[in-house]
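> what's the 3D shape of this:
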Amino acid sequence: MDVGLDKVIATLDETRLAAHVYDREWRLVHATAAQRANVNAEPAIGAHVASPEFTNALAAGGTVAREDVGAYGSQLMPFVLASAGADRALLRQNVDPLYHPALDAAQAQPLPSVWTGTMYVRTGANQRVPMRGVVFPVEGGVVELLLPDVSGHLVAMLTLADTGHLERLGLVTRPKRRPTAILFADLEASTPLARRLSTESYFRLVRRIMRAVDELVVRHGGLVGSHVGDGLTAFYPAEVCGGEAEAALAALRTAHDLAPAVTGAAASVPGAGDVLINAGVHWGATVRLGAIMTAARFEVTALGEEVNEAARIEACATGGRVLASKALLERLEDDRVAALGIDPDVSYEPLAEVAGAPDKARRDAPTLAVRPV
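Numbers count the residues shown, from 1 in each chain. Presented below is the predicted three-dimensional model:
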């Protein structure tokens with residue numbers, strides 16, 4: 001391999017960009033770790049960019065369809081033909097038949113200093129989205145960057161999000177049964193609070209509280225779910241958190257940190273006063289968790305009876321309390337419960353007997369065992 005390409009490859013690997021590196025004859029020399037992860041398949045190192053081996057390897061992971069590989073690669077045929085000394089007949093014998101029409105019509109031309117084209121890929125939710133291929137010559141070969149087809153402004157906005165959280169989201173894109181700790185939280189007496197504050201002040205308050213709470217969820221390794229008004233959900237799948245005990249512990253730690261986080265956020269909004277947040281934490285052994293991906297949003301959600309039960313637990317928490325289910329706490333050994341300042345010997349009570357339990361909780365989950373933590 002050309003010495004110049006060694007330096008290029010080392011630099012690209014440091015950037016975490018998705019990229020291919022080819023030699024002067026368009027044989028694949030290297031695929032970065034990000035590109036391997038994107039296509040979910042091993043690259044065909046040594047294969048020509050237009051060969052059946054390269055096409056099949058790129059499409060093997062299901063992220064890129066063969067026809068989309070062909071549509072993108074066909075745009076490269078003038079440059080590929082030029083690298084082969086314009087020997088169309090010889091090149092035609094070795095390329096994937098996908099490229100025959102484009103190769104037959106191509107006029108050989110050298111690769112310009114920068115060329116761009118569109119490659120379509122499939123998301124984990126099987127949606128077809130564009131990527132921008134940026135191709136340029138370097139000493140000893142060619143570099144192909146595969147970048148999101150979005151504006152720099154949008155990329156800057158996306159980088160405000162925690163990258164660890166985004167990567168965890170990528171692990172649960174496809175919905176399936178995932179044992180999960182579930183957190184529901186909601187501001188107490190939000191209606192009187194909204195009436196007392198101006199609409200602008202109340203919006204500022206809710207925004208700051210949600211930002212603080214989301215940061216808690218992310219810090220403790222969870223997944224932020226939906227926000228509905230001044231309520232929120234969060235999920236801690238065992239497979240993401242490192243096991244059932246770690247998932248339960250992460251949810252409890254988040255719940256414990258809610259009150260000071262909300263107090264701190266409310267302190268910066270004049271007139272807000274004392275703001276309380278109530279929370280319910282539950283274990284979902286059979287919930288179905290995955291992502292909802294549309295043209296307008298990317299959101300993790302979970303469905304199942306245990307999710308409904310978690311909502312009922314939260315509805316019974318009042319006065320800034322956190323209620324946790326027996327199903328969740330018993331994922332932990334007593335010493336880990338005690339380390340959180342929770343007395344492991346305190347008994348549980350049925351949800352229907354919790355003081356102030358609403359009718360929905362009494363009706364839907366009357367025997368669910370819970371306790372304050």
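> tell me the SS of Ala355?
Under DSSP: H, G, I helix; E, B strand; the rest coil, Ala355 falls in the coil class.
> now it: closest residue in space, sequence neighbours ignored.
In space, and not counting its chain neighbours, Ala355 is closest to Thr318: 7.9 Å by C-beta to C-beta, 6 or more residues apart in numbering. Just so you know, the C-beta spots here come from the backbone N, C-alpha and C atoms, and that holds for glycine as well.
> got any ranges where this protein has weak pLDDT?
1-3, 124-126, 152-163, 294-297 (pLDDT under 70).
> and the next element down the chain from the longest strand anywhere in it?
In the chain, taking DSSP state E as the definition, the longest strand is strand 128-138. Downstream of strand 128-138, the next assigned helix or strand under DSSP states H and E is strand 141-148.
> next, the angle from that next one to strand 128-138.
For strand 141-148 against strand 128-138, the angle by axes from the mean of the first three to the mean of the last three C-alpha atoms, to 10 degrees is 150 degrees.
> and strand 141-148, what does it pack onto?
Strand 141-148 is packed against helix 3-15, strand 19-23, strand 128-138, with contacts defined by 3 or more C-beta pairs under 8 Å, 6 or more residues apart in numbering; DSSP states H and E.
> if we use 6 Å, what do you get?
Strand 141-148 is packed against strand 19-23, strand 128-138, with contacts defined by 3 or more C-beta pairs under 6 Å, 6 or more residues apart in numbering; DSSP states H and E.
> which strand or helix spans the residue nearest the centre of the chain?
Ranked by distance to the mean C-alpha position of the chain (C-alpha atoms, centre = their mean), the top residue is Leu169 at 2.3 Å. For Leu169, the element it lies in under DSSP H and E is helix 163-171.
> need the residues that contact that helix.
With contact meaning C-beta atoms under 6 Å, 6 or more residues apart in numbering, helix 163-171 is reached by 218, 223, 240.
> before we move on, the earlier item: dump the helices and strands packed on strand 141-148 into TSV; add mean neighbour count and distance to Ala302 as well.
Listed next are the helices and strands packed on strand 141-148 as TSV, based on neighbours: other C-beta atoms under 10 Å; distance: least, C-beta to C-beta, whole Å:
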stretch	mean neighbour count	distance to Ala302
strand 19-23	22	35
strand 128-138	16	24
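> could I get these in TSV, plus columns for distance to Ala105?
Shown next, in TSV, are the helices and strands packed on strand 141-148 (distance: least, C-beta to C-beta, whole Å):
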stretch	distance to Ala105
strand 19-23	22
strand 128-138	19
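> quick one: closest of those to Phe298.
The closest of the helices and strands packed on strand 141-148 to Phe298 is strand 128-138. By C-beta to C-beta, the value is 11.5 Å.
> and that closest one, what does it pack against?
Using 3+ C-beta pairs under 6 Å, 6+ apart, strand 128-138 is in contact with strand 115-122, strand 141-148.
> the first one pairs with which strands?
Take DSSP bridges as the rule and strand 115-122 pairs in its sheet with strand 128-138 (antiparallel).
> what lies in contact with the partner strand?
Here strand 128-138 makes contact (C-beta under 6 Å, 6+ apart) with 8, 111, 114-123, 143-147, 149.
> of these, just the buried ones, ChimeraX syntax please.
To isolate the buried members of the contacts of strand 128-138 in ChimeraX, using 16 or more other C-beta atoms under 10 Å:
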select :8,111,115,117,119,120,121,143,144,145,146
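> residues contacting Gly264?
Counting by C-beta under 6 Å, 6+ apart, Gly264 makes contact with nothing.
> make it 7 Å
Each residue near Gly264 by C-beta atoms under 7 Å, 6 or more residues apart in numbering is listed here: Ala212.
> tell me which residues of stretch 32-41 come out buried.
Residues of stretch 32-41 classed as buried by neighbour count (16+ other C-beta under 10 Å): 32, 35, 38-39, 41.
> now tabulate those residues in JSON lines and tack on secondary structure.
Shown next, in JSON lines, are the buried residues of stretch 32-41 (three-state DSSP):
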{"residue": "Thr32", "secondary structure": "coil"}
{"residue": "Gln35", "secondary structure": "helix"}
{"residue": "Asn38", "secondary structure": "helix"}
{"residue": "Val39", "secondary structure": "helix"}
{"residue": "Ala41", "secondary structure": "coil"}
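> list just the nearest of these to Asp343.
Using C-beta to C-beta, the buried residues of stretch 32-41 come closest to Asp343 at Asn38, 48.5 Å.
> I figured the closest one hits Ala18, correct?
Yes - using C-beta atoms under 7 Å, Asn38 is in contact with Ala18, at 5.1 Å.
> burial check on Gly170, number of neighbours?
Residues lying near Gly170 (other C-beta atoms under 10 Å) number 12.
> starting at the chain centroid, how far to stretch 346-361?
Its chain's C-alpha centre and that of stretch 346-361 lie 35 Å apart, by C-alpha atoms, centre = their mean, to the nearest Å.
> helix/strand/coil for the spatially closest residue to Ala57 that is not a sequence neighbour?
Excluding its sequence neighbours, the residue lying closest to Ala57 (C-beta to C-beta, 6+ apart) is Ala44, at 3.8 Å. The three-state label given to Ala44 by three-state DSSP is coil.
> please consider this matter closed, and thank you.
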